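[1] The sequence and its predicted three-dimensional model are supplied below.
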Amino acid sequence: ARTALFGVVIPFVALVGAIRRAGTAGSAVASQTVPPVPVSRNRGDVMINTRLRQFVALATGALLAACLSFAAPASASTLTSATADVQAPTPLVVNARWGGHATYDRIVIDLQGYTPTVTVTPVAQLVYDGSGKPVPLAGKHFLEIRLNPAAAHDDAGGSVYRGPKLQKIYLSKLKGLAMTGDYEGYVTFGAAFDTVPYYRAYSLHSPERFVVDIAH
């Protein structure tokens with residue numbers, strides 16, 4: 001920007017100097033050529049000086065606009081757009097675990113990164129994402145836990161999930177847990193119960209994890 005600015009300023013200064021010299025020379029010639037007519041010489045000087053001032057004013061305005069355009073920072077919309085393009089990495093689902101407590105059973109899904117949007121939905125049957133095949137997990141009632149955006153694999157396609165894929169569980173309420181999908185930005189789990197599950201779902205932080213508590 002500085003190089004471009006000097007390229008504008010230096011020729012401008014040289015041009016103004018040349019015009020001033022030309023105006024001074026023209027005034028001198030007029031005074032030598034027409035000494036008996038001072039009024040004409042004065043009018044010529046006035047016209048030259050007036051036009052010179054007008055030109056200098058216009059050129060100065062143009063130079064100021066050029067300077068401002070070179071000195072101005074990138075537009076806010078460009079910065080905002082560039083900032084919006086920088087997104088946090090997709091959260092990774094690295095584990096799923098469970099435990100029995102005095103008044104509830106608990107499912108915990110461990111995450112790397114932030115906690116994504118999670119939905120917990122009662123469903124009539126558990127199926128695998130993509131294929132739609134039934135999940136071989138015994139139970140009469142089921143919960144589907146779906147995280148988005150999320151992944152259980154890294155950018156190279158390698159699995160980062162170290163939890164169970166299909167597990168029978170013998171707790172008071174929770175009878176089974178399966179990972180049913182890692183597909184197109186969604187990671188899905190299914191939980192099985194013999195009776196209707198009454199549950200509370202929430203997030204915990206440091207480390208990030210999603211929790212479902214099922215009342216006894």
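    All right, it came through fine. Residues are numbered from 1 along each chain as shown.
[2] For the protein, which segments count as helices?
    2-33, 38-71, 76-85 (DSSP state H).
[3] worst average pLDDT in those?
    Among the helices of the chain, helix 76-85 carries the lowest mean pLDDT, a mean of 34.
[4] Just give me the neighbour total for His216.
    Applying other Cβ atoms under 10 Å, we find 13 residues neighbouring His216. For glycine as for every other residue, the C-beta is placed from the backbone atoms N, C-alpha and C.
[5] Could you do Ser206 as well?
    5.
[6] any idea how far it lies from Val212?
    Applying Cβ to Cβ, to the nearest Å, the value for Ser206 to Val212 is 19 Å.
[7] Then Met179?
    The spacing between Met179 and Val212, counted by Cβ to Cβ, is 14 Å.
[8] How about Ala124?
    Shown here: Ala124 relative to Val212, a distance of 19 Å by Cβ to Cβ.
[9] who has more neighbours, these two?
    Val212 (23 against 6).
[10] got the contact list for that one?
    Arg106, Ile107, Val120, Leu143, Ile145, Ala191, Tyr199, Arg200, Ala201 (Cβ atoms under 8 Å, 6 or more residues apart in numbering).
[11] nearest residue to it other than its sequence neighbours?
    The shortest distance from Val212 to any non-neighbouring residue, by Cβ to Cβ, 6 or more residues apart in numbering, is to Ile107 (4.4 Å).
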